[in-house]
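Undergrad: need a structure here:
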Amino acid sequence: MYAKQQRFTAICLTMVICAITLTGCGKKGDSQASTQVAAKVGDDEISIHQINQMLGRVNLGDNSPEATQKVSRQILENLIEQQLAIDQATELKLHRSPEVVAQIEASRREILATAYLQQFTASLPKPSAEEVKKYYADNPALFAQRRVFNLQEIIAKPGAETSALLKTMGDAGKPLDEIAGALKAKGIAFNGGNATRSAEQLPLEILPKISALKDGQNLSYDSAQGASLIHIVSSQSAPVTEEQALPRIEKFISNQRATAAVKANLKALRDKAKVTYMGEFAKPVATAGTEAAAPSAPSAASAPSPSAIEKGVSGLK
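TA: Just a heads-up that it's a prediction; the model follows:
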């Protein structure tokens, strides 16, 4: 019963938040012209403005008038059902529930913070055409010479001995099962597996080195995850033309620039503000003698977490 109430509360919260953030939902006596009202639910009005606002968040794909009208109708039906749920939530006084009030306040904070950052980044200059073209030319491994790799990988516990072993055996062209056996013999923990990855899914710092390798060759390197070795089983050429790449490169550079600008802006605001830690958080962060245990090496067969460059140029196919 409690779980059902929680789900209903969550649904109602979503409705209330949407109602707060969407403007133009008037009451009786509003000066809004009747042509701007799409529907009435009791005394509450649902405006064309609300529909258009939500329509702007939808990727229509087909921008024909028929498709737009169909989606607008569905949005209106959803807004009607939303208002009905809001009315019930209000009748049940859910908007006064401490949990709901806290969640609404948290959403309000997030909306305001996001609005400020959006306004701040909107004023940043866009990258020039020369910058975008230069990025394409400077990164052939991502674009003109892009490849998709079928890889075998070993990620082992970090350490000088491990790195030296992987480099020596990798440079000698030893097969991975032999390298794995050598690691086992020395009691060095590791994970290994197969993976298919395109150029943009590989760490940018090692991509030039991997791109220079031929099928059947190895590359050893150290990373935050541990001592690693990659064996290229096979690869396929999958270039991306300049025409395909330029719009996404522009977006990537813009995102990169916005991230740096936001960090700098927030640091400046933080330097000016008086921030006082209270209670448990007033204690200094423990460092010496409380180092966390080193995480085990992740499975090499698992998909890597998206990096900034991956997000920036993913989909360039």
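Undergrad: now do the strand or helix carrying D177: everything it contacts.
TA: Assigned by DSSP states H and E, D177 belongs to helix 176-185. With C-beta atoms under 8 Å, 6 or more residues apart in numbering as the test, helix 176-185 has contacts from 152, 154, 156, 162, 165-166, 169-170, 190, 192, 229, 231. C-betas here are computed from N, CA, C, even on glycine.
Undergrad: what residues does stretch 213-233 touch?
TA: 149-159, 162-163, 166-167, 170-171, 173, 176, 179, 190, 194, 203, 206, 209-210, 234-235, 297-298, 300.
Undergrad: still on that earlier bit, in strands only, show me the contacts of helix 176-185.
TA: 152, 154, 156, 190, 192, 229, 231 (DSSP state E).
Undergrad: pLDDT-wise, what's the bottom of the residues you listed?
TA: Least confident of those in the model: G192, at 88.
Undergrad: count the neighbours of it for me.
TA: 20 (other C-beta atoms under 10 Å).
Undergrad: now it: closest residue in space, sequence neighbours ignored.
TA: Leaving aside its sequence neighbours, G192 sits nearest to I154 (C-beta to C-beta, 6 or more residues apart in numbering; 4.5 Å).
Undergrad: enumerate the beta-bridge partners assigned to that neighbour.
TA: Beta-bridge pairing for I154 (DSSP bridges): G192, L229.
Undergrad: ok, it - contacts?
TA: 166, 176, 179-180, 183, 190-192, 228-229, 300.
Undergrad: same question for L165.
TA: L165 neighbours (C-beta under 8 Å, 6+ apart): 179, 182-183, 186, 188.
Undergrad: which SSE is D62 in?
TA: Using DSSP H and E, no helix or strand contains D62.
Undergrad: how many other residues sit next to it?
TA: Residues lying near D62 (other C-beta under 10 Å) number 9.
Undergrad: next one: F120
TA: 14.
Undergrad: quick check, it in a strand?
TA: No: going by DSSP: H, G, I helix; E, B strand; the rest coil, the assignment for F120 is helix, not a strand.
Undergrad: residues contacting it?
TA: Residues in contact with F120 (C-beta under 8 Å, 6+ apart) are 261-262, 265.
Undergrad: what is the three-state secondary structure of V58?
TA: From three-state DSSP, the assignment for V58 is coil.
Undergrad: residues near L76, how many?
TA: 17.
Undergrad: sorry, back to before: what subset of the contacts of stretch 213-233 is buried?
TA: For the contacts of stretch 213-233, a burial check counting by 16 or more other C-beta atoms under 10 Å picks out 149, 151-158, 162-163, 166-167, 170, 176, 179, 190, 203, 210, 235, 297, 300.
Undergrad: tell me which residues of the helix or strand encompassing A67 come out buried.
TA: Here A67 sits within helix 65-91, counting by DSSP H and E. Within helix 65-91, the residues scored as buried using 16+ other C-beta under 10 Å are 71-72, 75-76, 79-80, 82-83, 85-86, 89.
Undergrad: for stretch 88-107, same thing?
TA: Residues of stretch 88-107 classed as buried under the neighbour-count rule (16+ other C-beta under 10 Å) are 89, 94, 97, 100, 103-104, 107.
Undergrad: name the nearest of the residues you listed relative to A282.
TA: Q103 (27.2 Å; C-beta to C-beta).
Undergrad: rewinding a little: farthest pair in the buried residues of helix 65-91?
TA: Among the buried residues of helix 65-91, V71 and A89 lie farthest apart (C-beta to C-beta), at 26.2 Å.
Undergrad: how long is stretch 140-158 end to end?
TA: 31 Å (C-alpha to C-alpha, to the nearest Å).
Undergrad: before we move on, the earlier item: any chance of the ones in strands among the contacts of helix 176-185 in JSON lines with distance to D43 as columns?
TA: Shown next, in JSON lines, are those (distance: C-beta to C-beta, whole Å):
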{"residue": "Q152", "distance to D43": "67"}
{"residue": "I154", "distance to D43": "68"}
{"residue": "A156", "distance to D43": "68"}
{"residue": "F190", "distance to D43": "67"}
{"residue": "G192", "distance to D43": "66"}
{"residue": "L229", "distance to D43": "69"}
{"residue": "H231", "distance to D43": "70"}
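Undergrad: closest one of the residues you listed to A67?
TA: Nearest to A67 among the ones in strands among the contacts of helix 176-185, with distances taken as C-beta to C-beta, is Q152, at 46.9 Å.
Undergrad: pretty sure the closest one is in contact with R197, am I right?
TA: No: judged on C-beta atoms under 8 Å, Q152 makes no contact with R197 at a distance of 11.6 Å.
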